[in-house]
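Engineer: next comes the sequence, and after it the predicted model I'd like to discuss.
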Amino acid sequence: MFQRINERSFQSAILQLIGAAVGVLSTLFIYPRDLNLYGIYGFLTNTASLLVPFITMGFGSVLLRFYPKYQHEVTQVRNGFFGFILAGYSFGFLLFGLVFIGITWFGIHWVKEEGGLSPYVIYLLPFTFMLVFYELTAQLCINFQKIQWTAIAGLLLKCVLPTLFILQIAGYMGTTWFIWCLLLYYAISIVVILYFLIQSEGIKFQWNRTFMQGAHRRPLFQFAAFSVLSGASSVIALRMDSFFVGSLTNAESSGLFTLAMFMSNVVFIPATAITDAMNPSVSKCSHDRNSDQLQILYRKSSINMLWSTALLVIVLWICFEPLSRIMPQSGKILQIEQALLFLLLARLLDAGTGINHHLLAYSKHYRYELYLLILMAVVNVLLNLWFIPKFGITGAALATFVSIGIYNLLKTWVVWKLLKIHPFDLNTFKIIIIGLVLWILFPRSWSSGNDYLDLVLYAGAVCSIYLGLVYWMDCSNELNGFVHKYLHRFGKKATTR
């Protein structure tokens with residue numbers, strides 16, 4: 001099972017890393033040229049993401065958890081399940097639209113006027129609409145093991161976004177056209193992905209009254225109610241820092257924090273691909289109550305998420321100074337170094353604890369996930385309100401690190417107490433030791449005098465040493481198996497020549 005998961009996650013990770021490479025080039029040479037525009041983009045996308053769980057009303061999680069139950073049902077019932085999910089999404093957005101229009105009609109503003117963000121609040125409505133239905137397509141792709149499709153959409157976005165930035169910076173379009181063109185891209189992506197899913201999987205969003213009967217309705221609505229609360233708590237805990245930076249500071253600070261968040265998201269790309277690929281298998285094993293297979297998935301997820309994330313964290317941290325020096329407005333970029341450090345450490349904690357979120361969310365103990373998320377949300381909000389006025393974007397990153405650390409450690413302990421499984425073994429500590437040694441001993445202060453050459457030398461040396469040690473110490477069976485597989489293929493090709 002994990003071999004198939006590994007192949008899907010590898011394909012998705014490759015596509016996402018290509019997109020990240022394009023994004024890195026854009027981040028180096030394009031986005032810093034207009035930090036105000038980047039701040040507006042970050043404010044809209046992060047705030048819209050903050051609103052998504054309230055609008056989806058938990059039906060995205062219902063789709064992931066209960067699809068294994070309905071995938072083998074007759075076509076009418078299966079398509080009725082999809083129609084039920086779409087109805088939930090549509091009702092949530094209609095309700096949100098009425099509330100949003102009412103709030104803006106009465107002129108309630110909650111961002112600083114001098115920050116330059118207030119005129120763009122109105123665009124939160126269409127932005128949120130697109131993100132809601134983009135999430136629906138992503139959830140469907142996960143169910144049907146087509147995560148590479150959303151990875152392709154993400155890769156294309158990495159090309160579209162810098163193109164729009166260049167056009168705006170060059171004066172060919174204003175900020176309003178920039179926003180509408182971005183929304184158009186999301187709309188096209190949603191339509192194309194849904195079209196191919198309908199063609200390849202026969203999806204139809206049909207209404208079926210079966211799902212309003214008590215036997216079906218009760219568990220679906222119960223889990224939806226749990227999911228909307230847990231999803232809201234999750235985004236408050238994980239996204240509230242971006243909202244507070246945009247609200248309590250200004251567009252430029254929002255742009256700098258968005259830049260730091262982008263960098264920390266890049267290092268988590270392989271871990272995200274692994275999580276997405278394992279999602280259906282965790283759901284199925286939880287439904288079948290296969291605890292032995294869950295233990296295997298848990299440990300393999302932790303090991304592979306940790307070593308891949310740690311590699312990119314170390315490379316980014318060691319290369320940050322020469323990287324910042326070749327970027328436009330390098331003096332301002334250097335201001336995010338401390339914030340970036342806390343965000344990277346948060347990513348490491350997230351990766352090292354594996355798929356604990358799915359294990360709890362898809363088990364009969366899913367309510368504990370809600371309690372932990374509410375705790376993290378409260379801690380994160382309080383810390384943001386305390387730290388941001390004192391430390392700016394560094395305070396927001398510190399709040400994220402502390403809240404995510406508490407959340408993941410407590411959640412891992414809860415999984416152990418309730419399910420009697422944990423993600424750690426000897427390989428976990430091997431990876432931690434390798435990472436710490438490289439982090440501490442690598443000569444970061446050494447320089448050739450050329451920033452571009454430093455980047456190549458630093459990254460090449462760190463990757464070679466790190467991967468060599470991880471391979472030699474046999475930390476990941478999947479990594480070693482992948483290397484052996486392609487070495488064997490290469491050897492066969494060489495001998496046939």
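Structural biologist: Good, I have the coordinates.

Engineer: switch to C-alpha atoms for all contacts and neighbour counts from now on
Structural biologist: Fine.

Engineer: in what helix or strand does Phe91 lie?
Structural biologist: Using DSSP states H and E, Phe91 sits in helix 75-105.

Engineer: contacting residues for the nearest residue to Ile55 once chain neighbours are set aside?
Structural biologist: In space, and not counting its chain neighbours, Ile55 is closest to Gly92: 4.5 Å by CA to CA, 6 or more residues apart in numbering. Gly92 makes contact with 54-57, according to CA atoms under 8 Å, 6 or more residues apart in numbering.

Engineer: re earlier: next secondary structure element downstream of the helix holding Phe91?
Structural biologist: Immediately after helix 75-105, counting by DSSP H and E, sits helix 124-143.

Engineer: against which helices or strands is that following helix packed?
Structural biologist: On a contact count with 3 or more CA pairs under 8 Å, 6 or more residues apart in numbering; DSSP states H and E, helix 124-143 meets helix 35-56, helix 59-70, helix 75-105, helix 147-169, helix 175-201, helix 269-288.

Engineer: most tightly packed of the ones you listed?
Structural biologist: The highest average neighbour count among the helices and strands packed on helix 124-143, using mean count of other CA atoms under 10 Å, belongs to helix 35-56 at a mean of 23.

Engineer: ok now stretch 47-56, how far from the chain's centre?
Structural biologist: Its chain's average C-alpha position is 14 Å from that of stretch 47-56, according to CA atoms, centre = their mean, to the nearest Å.

Engineer: got it, and stretch 50-68?
Structural biologist: That offset, for stretch 50-68, works out to 16 Å (CA atoms, centre = their mean).

Engineer: touching that stretch from outside, list them.
Structural biologist: Under the contact criterion CA under 8 Å, 6+ apart, stretch 50-68 has outside partners 82, 85, 88-89, 92-93, 95-96, 128, 131-132, 135-136, 139-140, 142-143, 220, 223-229, 231-232, 235-236, 239-240, 279-280, 283-284, 287, 362.

Engineer: swap in stretch 125-141?
Structural biologist: Stretch 125-141 has contacts (CA under 8 Å, 6+ apart) with 44-45, 48-49, 51-52, 55-56, 60, 63-64, 89, 93, 97, 100, 147, 149-150, 183, 186-187, 189-190, 193-194, 197.

Engineer: how far does it sit from its chain's centre?
Structural biologist: With CA atoms, centre = their mean as the basis, stretch 125-141 stands 14 Å off its chain's centre.

Engineer: contact partners for Phe178?
Structural biologist: Phe178 sits next to 164-165, 168 when contact means CA under 8 Å, 6+ apart.

Engineer: out of those residues, the closest to Phe401 would be?
Structural biologist: Phe401 has its nearest neighbour among the contacts of Phe178 in Phe165, at 30.5 Å by CA to CA.

Engineer: so who does that closest one touch?
Structural biologist: Contacts of Phe165 by CA under 8 Å, 6+ apart are 30-31, 178.

Engineer: for those, give me CSV that also has pLDDT.
Structural biologist: Shown next, in CSV, are the contacts of Phe165 (pLDDT from 0 to 100):
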residue, pLDDT
Ile30, 79
Tyr31, 76
Phe178, 90
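
Engineer: closest one to Phe257 out of those residues, please.
Structural biologist: Taking CA to CA as the measure, Phe257 lies nearest Tyr31 of the contacts of Phe165, at 12.5 Å.

Engineer: okay, now the unreliable bits of the chain?
Structural biologist: By pLDDT under 70, the low-scoring segments of the chain are 1-25, 27-28, 68, 70-78, 104-118, 209-216, 229-252, 487-497.

Engineer: centroid-nearest residue for it?
Structural biologist: For the chain, the residue nearest the mean C-alpha position is Thr272 (6.2 Å; CA atoms, centre = their mean).

Engineer: roughly how far does Val282 sit from Phe43?
Structural biologist: Val282 sits 33 Å away from Phe43, going by CA to CA, to the nearest Å.
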